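Visitor: 3D, please:
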Amino acid sequence: MTTNKRKWLRVEMAADDPTVADLFIFGFIGDWIDQLWEDMGLGFDSDTTAKSFQDEVDALPDNVKTIKLHVNSPGGDVFGAVTIANILRLWAQSEGRSVESFVEGLAASAASLVIQAGDPIRIADNGLIMIHDPWTGVRGNAIEIRKVAEELDTITRSAIVPTYQWHSSLDEDAIVALMEATTWMGADEAIENGFATEKIEGLKAAASLEPRALSTLSIPEKYRARVEALLVNPEPGPETDTPVDEPSAPAAEATGVLRMCREADCLDIAEELIAAGASLKAVRVRVATETESRKQADARATEIRGLCEKANLGEFAENYISGQMPTESIRAHLTIMTAKMDG
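Guide: Okay, the predicted model is just below:
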C-alpha cells in the first residue's frame, strides 16, 4: 500500500508485514537548486528535505518497527542529509526499532551520509557510493573567502566525518583524504572502507536519476556507463521541423548554466542566472566577464600584498584589498607611511 505519491520521496507500507515501512529517496536531497527548478516548473521536486522527511517519519503508524531506506540519489544539501540521518538514527533508538539502508544504485555526495543511519547498510553488487569535500560558490575578499574555507572545513570534521564514523573505522584524516580525492567506491571497496556493510547480489536499480543531476557530478569513465544506466529516460516529445542552434527549453538552459558556471568556478552566480532565465549565449558572456573580473581582482590582491610585504606593513593588505583605493594610490600611501616610520 502506498501512503505517499511524491516523485522523489515515497513511503510505502509493506503489504505482507504491517511492522515494516519502505522509504525511498530517488532523487536530489532538497537544496536551493532543487527548489529553484521546482519553482520554474522544470520537473524537480524539493520534497526530499529534512522537514518533509521528519513529517513522513512522524506519520508512520506506531506499529512500524523497521524502516527500510532505499536510496538512489546524486546527493544534494549536506545539512539536510545530516539531519535526515539523525532523524532516522534517533527513531531507531527506541526499543524494538531498526533502520536498514539499501543503496540500490547510487549514493553520492550528501546521499552517502543519509545511508549511514542504517544498520546494516546493504549495497547492490553494481551499486556505487561517492564521497567528496563539501563545496560552495563564494565571492568576496580574501578574508571572506578564508572564512568560508574554514567553515567548510568545520562542516567536514564536525558533521560529515563523524557521520561516516558511525560505521567506518577509518580515522578522521583517512576519511578526509578520501573526501579530498572525490572517491568513488564500488560495493566491495565501500564495504572495505566501512561506508557499507553488506553486498546484495542481482538487485536491479530503478532508473530514477534526473539527467540534470549529472551536472553536479564528476564521474570517472569506468563508472560513467553504470551511472548513466540509472537515468530517467523521458518520453520523446513531438517531432519538430524548426531548427534550433541551442536548447531553449528551461530545463536545458538550467543544466547549461550550472555546467558553465561550475567549469568557470563561479557557481555563486548560477542561481541568479537561472532565476533570470538567461540564455546560454548570455551566460557565456556573463561567465567570461565574471572570470576576467575575478582574474583582475586576484592580480590586484597579489600586487597589493606584495607592496605591503615590501613595506613591512603586511597587516594592512586585506584592508587595502577590500577597499576601492587604486593600486597606485596604495603604493603612494605605503610610501608615506614607511617614510613616517623611518623618520
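
Visitor: average pLDDT across the longest strand along the chain?
Guide: Longest among the strand segments of the chain by residue count, using DSSP state E, is strand 98-108. Here the mean pLDDT over strand 98-108 is 95, rounded to a whole number.

Visitor: got the CA positions of the following helix or strand past it in CSV?
Guide: The element immediately downstream of strand 98-108 (helix or strand, assigned by DSSP states H and E) is helix 111-114. As requested, the backbone C-alpha atoms of helix 111-114 are provided in CSV (Å, rounded to 0.1, in the frame of the first residue of the first chain):
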residue,chain,number,x,y,z
ALA,A,111,23.2,10.8,-0.1
SER,A,112,26.2,8.8,1.2
LEU,A,113,25.5,10.5,4.6
VAL,A,114,21.8,9.5,4.7
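
Visitor: contacting residues around helix 111-114?
Guide: In this structure, residues lying in contact with helix 111-114 by Cβ atoms under 8 Å, 6 or more residues apart in numbering are 25, 29, 69, 71, 73-76, 78, 81-82, 84-85, 88, 101, 107, 129-131, 160, 163-164, 195. Quick note: C-beta positions are derived from backbone N, CA and C, even for glycine.

Visitor: please name every helix or strand in contact with whichever helix or strand comes after it.
Guide: Sequence-wise, the next helix or strand beyond helix 111-114 is strand 121-124, with elements assigned using DSSP H and E. Other elements packing on strand 121-124 under the criterion 3 or more Cβ pairs under 8 Å, 6 or more residues apart in numbering; DSSP states H and E are strand 98-108, helix 187-193, strand 198-200.

Visitor: strands paired with the shortest one, and their directions?
Guide: It stands for strand 198-200. According to DSSP bridges, the neighbouring strands of strand 198-200, each with its direction, are strand 121-124 (parallel).

Visitor: hang on, residue 184 packs against residue 223?
Guide: Yes: in this structure residue 184 lies within contact range of residue 223 using Cβ atoms under 8 Å: 5.6 Å.

Visitor: any shared contact partners between the two?
Guide: Common neighbours of residue 184 and residue 223, using Cβ under 8 Å, 6+ apart, are residue 128.

Visitor: neighbour count: the two, which is higher?
Guide: Comparing residue 184 with residue 223 by neighbour count (other Cβ atoms under 10 Å), the higher total belongs to residue 184, at 22 against 16.

Visitor: residues contacting that one?
Guide: Contacts for residue 184 were tallied using Cβ under 8 Å, 6+ apart; they are 128-130, 219-220, 223.

Visitor: now swap in residue 102 and tell me
Guide: Applying Cβ under 8 Å, 6+ apart to residue 102 gives the contacts 68-71, 118, 122-124, 200, 203.

Visitor: list just the nearest of the residues you listed to residue 263.
Guide: Proximity of the contacts of residue 102 to residue 263 (Cβ to Cβ) peaks at residue 71, which lies at 28.1 Å.
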